[in-house]
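**Q** Sequence and predicted structure below; questions after.
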Amino acid sequence: MAESKNETPVDYPESDQCHCPICLEKVRNPKYLPCYHTFCEACIQTYISSTATRKDNETVKSIECPVCRRCIEAPRNDISSEDWTSELPQNKLILTLSIDPEQDDNKNCMFCKRLEKTVLAYHWCKSCMEAICEDCKSLHRAVPSLQNHKIVNLSNIKEVNSEIEIEESCLLHKGKVLDVFCHDHQKLCCSVCLVKEHKLCKNIDTVEDIALEIDRDSIQKTASKYTDLEKTVNDILSENQNKVSKLHTRKQEICLVTEEKVQEIKSLFDNAHVMWLKRFEQNHADSVGNIEIASEELRRFSTTIHEARTMLQSVLKNGSSKQLFVTNYKLQNQISDHITRLKSLDVWNFPEDYKQHNSDFLSQISNAKEFEDVVLSKLQSTALERILLDAPDNDAIVKRRKTMSQNDWMNVDLRKLSQIKLPERAYYGLFIHDTKILLSFTNQPSLKIYDISASKGECIHTEKCQNAPHDLCHSDLSLNEIYVSFEHFINHYRIDVAESISFTKLRTIQLKEPVLAIARGPTAVFAANNTKRMICSLDFHIIHSSSYNKIGNAPFVSSSLISDRYGFVENGIAVAIDQNNKEIFKSSQNSDFRGLSFDLQDNILVCNWSSKLKQFKQGGGESRDIDVTDMAKTYNVVLHPAGEKILVLDFDKICCVYQVS
């Protein structure tokens with residue numbers, strides 16, 4: 001397989017219709033997998049033969065797509081790689097786009113060839129996709145099932161390659177054609193799919209009807225977006241290579257300084273130096289390996305984007321409106337699925353730099369009997385945010401946040417959407433969906449999900465906990481992956497709310513210091529208990545620690561969504577600091593403040609134990625009061641990651657959600 005972890009993606013010639021991602025040559029006898037990635041028949045057969053495995057408790061073999069890593073199961077048990085490959089659907093669109101009348105296979109009539117006759121071909125049947133002679137052209141006129149086939153002169157290459165329209169076969173029902181689109185489920189269907197799965201759907205059109213209204217300009221813009229997206233991914237890959245080079249350079253510099261110190265007292269330090277170097281090499285290998293894993297995934301994504309862009313541009317040039325709609329739908333789903341997989345990977349905390357705080361090895365060997373390890377600093381990569389911003393038709397949080405950040409937040413209004421009467425007092429909450437929030441309760445330890453789509457919110461799920469849960473925050477760009485503090489440990493959950501609600505615990509992080517309140521920023525986690533506030537790395541290693549005096553029943557902290565700013569309330573005063581623990585704002589009023597949150601312009605919203613929120617402009621100098629309907633003692637405030645809604649908790653067991661406008 002033609003792969004390289006340390007090379008940038010191949011710069012495919014723009015003139016070629018499609019390349020096989022395995023051999024990197026122009027695709028031959030194209031076959032495609034259920035994820036729509038296309039390969040040469042011989043290449044994918046070799047790949048299946050060498051990689052197909054049967055995992056534990058599985059009855060059939062499976063492979064991972066060489067591009068997107070989607071798991072593809074074999075059609076049946078004990079099928080051979082040859083039979084599996086032969087049953088893969090042929091990509092007739094690519095086959096048709098690459099027709100060359102001058103090829104030897106197209107110079108003689110294929111109908112006659114099957115009868116062991118050699119007759120020159122003068123015509124091309126666009127339905128049969130074969131060259132035919134004069135007699136076989138006449139046969140088409142005589143046979144009813146062939147009369148509707150479009151036949152053109154083989155010498156007219158432009159006409160052969162124009163208005164391409166391939167009947168796309170259903171992957172589930174053999175012999176059936178995808179000719180209907182269900183708007184309710186956003187799926188292409190054949191007649192069997194329609195009867196079995198969509199008979200109750202009301203919003204259904206034929207592909208032919210949709211094709212009559214297709215907007216080619218809009219799809220041309222999508223093709224342009226793919227160009228921009230491919231460039232963004234390749235730029236990120238280039239940046240990653242520079243990061244690796246930088247880390248290599250810094251490693252060499254630090255090793256050189258260390259070696260010079262070691263040589264001064266070599267006889268005493270040999271053993272300590274060997275052990276230190278072994279740990280450093282392993283740390284370095286892990287650090288660089290993380291970037292290379294992310295880069296490899298981005299290279300695969302770049303291949304998906306390139307194929308999508310090339311195919312869409314080709315169909316825009318040569319395909320019919322119907323083919324354009326079907327192809328665009330398939331490609332957009334392919335891009336979306338691949339982005340979803342990238343978001344699910346835990347590889348986006350990138351190593352940034354090495355730091356050696358102390359090179360006094362004589363003191364270290366005297367006291368600790370070993371050298372102090374080099375410290376690795378990490379930074380949350382912006383790769384996914386940049387990809388989501390450039391991805392066409394992607395309703396990503398970062399896109400919506402960018403739109404909302406254009407508002408003048410010192411003049412926004414709050415309109416109440418939903419109100420909830422709580423069974424007990426709740427201090428912490430979080431948006432896990434556009435219409436669902438999660439609240440933590442300590443008296444009867446549980447996490448409760450409330451549906452806020454109606455004016456009166458209702459509890460739709462209770463997740464009982466063995467320990468009392470406290471504060472919550474998102475763990476990444478998605479709404480449904482969160483951290484929950486249980487004081488002495490943090491649980492990382494994925495919460496699925498689409499059809500049925502389920503909690504999946506991904507991992508447990510043990511803490512060196514108790515933590516009640518948490519907030520995750522772009523590069524660090526801000527945390528607090530009743531006596532300390534802490535700035536931690538993204539893996540909860542404490543970087544800064546300071547004494548802290550909470551007021552009220554619980555500590556509250558917040559982090560900016562757009563910068564490295566963190567906020568807390570101490571002795572009733574709102575304070576903002578940067579990632580180095582430097583104070584950048586302090587409210588002058590000695591009020592009875594409680595919970596707080598940053599808005600999308602780094603102004604600070606603070607609950608002040610009344611029916612209002614206090615808003616301080618970034619940097620101070622201006623403030624205002626914001627009325628919050630049906631609130632008497634505001635206690636905590638949480639901003640939706642896209643900035644479109646605000647959740648406010650009241651001390652009197654009330655929770656309200658407001659629309660920001």
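**A** It's in.
**Q** Could you list the domains of this protein?
**A** Structurally, the chain divides into domains by automatic domain parsing as follows: 1-99, 216-394, 424-660.
**Q** For the closest residue to Val288 other than its chain neighbours, report the pLDDT, please.
**A** By the measure of C-beta to C-beta, 6 or more residues apart in numbering, the closest residue to Val288 outside its immediate chain neighbours is Val244, 5.6 Å from it. Every residue, glycine included, has its C-beta placed from N, CA and C. Among the per-residue scores, Val244 shows a pLDDT of 94.
**Q** ok, Val244 touching Asn290?
**A** No - between Val244 and Asn290 there is no contact, the gap being 10.3 Å when judged by C-beta atoms under 8 Å.
**Q** Could you name every residue contacting both of the two?
**A** Jointly contacting Val244 and Asn290 under the rule C-beta atoms under 8 Å, 6 or more residues apart in numbering is no residue at all.
**Q** next helix or strand past the least confident helix or strand in the chain by mean pLDDT?
**A** Among the secondary structure pieces of the chain, namely its helices and strands, helix 157-160 has the lowest mean (mean pLDDT, DSSP states H and E), a mean of 71. In the C-terminal direction, the helix or strand that comes right after helix 157-160 (DSSP states H and E) is strand 180-182.
**Q** In its sheet, which strands sit next to that next one, and in what direction?
**A** Sheet pairing of strand 180-182 (DSSP bridges) gives strand 187-189 (antiparallel), strand 204-206 (antiparallel).
**Q** and these, which is most packed in?
**A** strand 187-189 (a mean of 20; mean count of other C-beta atoms under 10 Å).
**Q** ok, how many other residues are close to Val195?
**A** Using other C-beta atoms under 10 Å, Val195 is surrounded by 10 other residues.
**Q** And it, how far from Gly175?
**A** 15 Å (C-beta to C-beta, to the nearest Å).
**Q** Once you drop chain neighbours, what's closest to Met129?
**A** Skipping the residues right next to it in sequence, Met129 comes nearest to Thr96 by C-beta to C-beta, 6+ apart, at 6.1 Å.
**Q** Just the residues contacting the strand or helix carrying that neighbour, thanks.
**A** Thr96 belongs to helix 92-97 when elements are defined using DSSP H and E. By C-beta under 8 Å, 6+ apart, the surrounding residues in contact with helix 92-97 are 17-18, 27, 29-30, 38, 129, 161, 164, 166-167, 311, 314-315, 318-319, 323, 327.
**Q** returning to what we had before: quick check: which of the strands paired with strand 180-182 is nearest to Cys255?
**A** Shortest distance between Cys255 and these, using C-beta to C-beta, is found for strand 187-189: 56.7 Å.
**Q** residues contacting the nearest residue to Val326 once chain neighbours are set aside?
**A** Residue nearest to Val326 in three dimensions, not counting chain neighbours: Glu168, with 5.5 Å by C-beta to C-beta, 6+ apart. With contact taken as C-beta under 8 Å, 6+ apart, Glu168 is in contact with Val177, Leu178, Leu188, Val326.
**Q** want to throw the strands paired with strand 180-182 into CSV with mean pLDDT?
**A** What follows is the strands paired with strand 180-182, written out as CSV (pLDDT from 0 to 100):
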stretch, mean pLDDT
strand 187-189, 92
strand 204-206, 91
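**Q** So for Lys137, which of those sits nearest?
**A** When the strands paired with strand 180-182 are ranked by distance to Lys137, counting by C-beta to C-beta, first place goes to strand 204-206 at 30.2 Å.
**Q** contacts for that closest one?
**A** Asp179, Val180, Phe181, Cys182, His183, Asp184, Cys189, Leu194, His198.
**Q** likewise stretch 533-540?
**A** Where contact means C-beta under 8 Å, 6+ apart, the residues beyond stretch 533-540 that reach it are 349, 377-378, 380, 490, 509, 511, 513, 515, 520, 523-528, 542-548, 555, 557, 566, 568, 577, 579, 581.
**Q** try 6 Å
**A** Applying C-beta atoms under 6 Å, 6 or more residues apart in numbering, the set of residues contacting stretch 533-540 from outside is 349, 509, 524-527, 542-546, 548, 568, 581.
**Q** Which of those residues ranks first by neighbour count?
**A** In terms of neighbours by other C-beta under 10 Å, the contacts of stretch 533-540 top out with Ala527 at 29 neighbours.
**Q** That residue should be in a strand, yeah?
**A** Yes - going by DSSP: H, G, I helix; E, B strand; the rest coil, the assignment for Ala527 places it inside a strand.
**Q** Quick check: beta-bridge partners of it?
**A** According to DSSP bridges, the partner residues bridging Ala527 are Ile518, Met534.
**Q** Note down every partner strand of the longest strand anywhere in the chain and its orientation.
**A** For the chain, the strand with the greatest residue count under DSSP state E is strand 502-515. If you go by DSSP bridges, strand 502-515 pairs up with strand 487-496 (antiparallel).
**Q** quick one: average pLDDT of the strand it pairs with?
**A** Averaging pLDDT along strand 487-496 gives 94.
**Q** out of everything not next to it in sequence, what's closest to Thr53?
**A** Beyond its immediate neighbours in the sequence, the residue positioned closest to Thr53 (C-beta to C-beta, 6+ apart) is Lys61, lying 6.2 Å away.
**Q** now that neighbour: how far from Glu41?
**A** Here the criterion is C-beta to C-beta. By it, Lys61 lies 19 Å from Glu41.
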